[in-house]
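**Q** When you get a sec, could you give me coordinates for this:
(one chain, ligands or ions: 2)
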Amino acid sequence: MKVTNAEFVISAVGPSGYPQDALPEIALAGRSNVGKSSLINKMINRKNLARTSSTPGKTQHLNYYRINNELYFVDLPGYGYAKVSKTQRQVWGAMIEKYLLERETLRLIILVIDLRHPPSKDDEMMYDWLKHYDSPVCIVATKADKIPRSRWQKHIKIIKEALVMRGGDKLIMFSSETGIGKDELWAHIAGLTHP
Ligand code: GTP
Ligand code: MG
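**A** Ligands and ions are numbered 1, 2, ... in the order given. So this is what the prediction gives:
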């Protein structure tokens, strides 16, 4: 897809903040600092529209980005960041859970995983939770630029086995540095938003 327009719309904490225009939504979930916001920026060719940081826990709300007046990317707060208080974690958990379970315009959850490492327990729980609710999910293994191509297959296998990937879910290799995987991910999104 050719992105001609991308804009930050709103930072929502609950349904009253969600946009009302019923455009399809693509949500980004994954560990804190895994590269969700960077992935959005790469997909829309913008340096820093989605706020990124080397400090984990930067994204704390549901951040909506409208693309070409056709769809939204929804940047979700990352999980698994140890320095967050238990209360705060419960508040985020409830907010994300409500969004994922009840948002009718949600077309796909992109679960972002770090290609370099085996999935964390939180990644496994997240995938299982999404599968339990039959949510449309795809796995994007990012930071692929950090691993030589000759070792990709080995890392992919570890991820697929650890998550027990099922139901024909797609796994896409990605890098926000090099743009690997960008076209494949856009094609997948287009198939879901222009059926
Ligand atoms: P939270 O908002 O805290 O949940 O983090 P996030 O998942 O949005 O991560 P973010 O996009 O802010 O990236 C975290 C760090 O990883 C930054 O320093 C990025 O530059 C780096 N990073 C993200 N994607 C890639 C990638 O594909 N390759 C490399 N080499 N670095 C990346
Ligand atoms: Mg972020």
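
**Q** in terms of contact count, name the helices or strands touching the helix or strand in which residue 125 is found.
**A** Here residue 125, judged by DSSP states H and E, is contained in helix 121-132. For helix 121-132, the packing partners by 3 or more Cβ pairs under 8 Å, 6 or more residues apart in numbering; DSSP states H and E come out as strand 25-30, strand 106-114, strand 137-142, helix 152-163. In short, each C-beta sits where N, CA and C put it, glycine included.

**Q** could you give the angle of that helix to strand 106-114?
**A** Going by axes from the mean of the first three to the mean of the last three Cα atoms, to 10 degrees, helix 121-132 is angled at 160 degrees with respect to strand 106-114.

**Q** Just the buried residues of helix 121-132, please?
**A** Buried residues in helix 121-132, counting neighbours by 16 or more other Cβ atoms under 10 Å, are found at 123, 126, 127, 130, 131.

**Q** Over to stretch 173-184?
**A** When burial is assessed from 16+ other Cβ under 10 Å, stretch 173-184 yields the following buried residues: 173, 174, 175, 176, 180, 181, 182.

**Q** Just say helix, strand or coil for the third one.
**A** The reference is to residue 175. The three-state assignment at residue 175 reads coil, by DSSP: H, G, I helix; E, B strand; the rest coil.

**Q** Now do it against residue 142, distance only.
**A** 7 Å (Cβ to Cβ, to the nearest Å).

**Q** And for residue 31?
**A** Residue 31 is 11 Å from residue 142, where distance means Cβ to Cβ.

**Q** which residues do these two both contact?
**A** Common contact partners of residue 31 and residue 142 (Cβ atoms under 8 Å, 6 or more residues apart in numbering): 112, 113, 114.

**Q** Please pick out the residue of this protein most distant from its centre.
**A** residue 150 (25.6 Å; Cα atoms, centre = their mean).

**Q** on that earlier part again, kindly reformat the buried residues of helix 121-132 as JSON lines containing distance to residue 100 and pLDDT.
**A** Formatted as JSON lines, those follow (distance: Cβ to Cβ, whole Å; pLDDT from 0 to 100):
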{"residue": "123", "distance to residue 100": "15", "pLDDT": "96"}
{"residue": "126", "distance to residue 100": "10", "pLDDT": "95"}
{"residue": "127", "distance to residue 100": "12", "pLDDT": "97"}
{"residue": "130", "distance to residue 100": "7", "pLDDT": "96"}
{"residue": "131", "distance to residue 100": "12", "pLDDT": "97"}
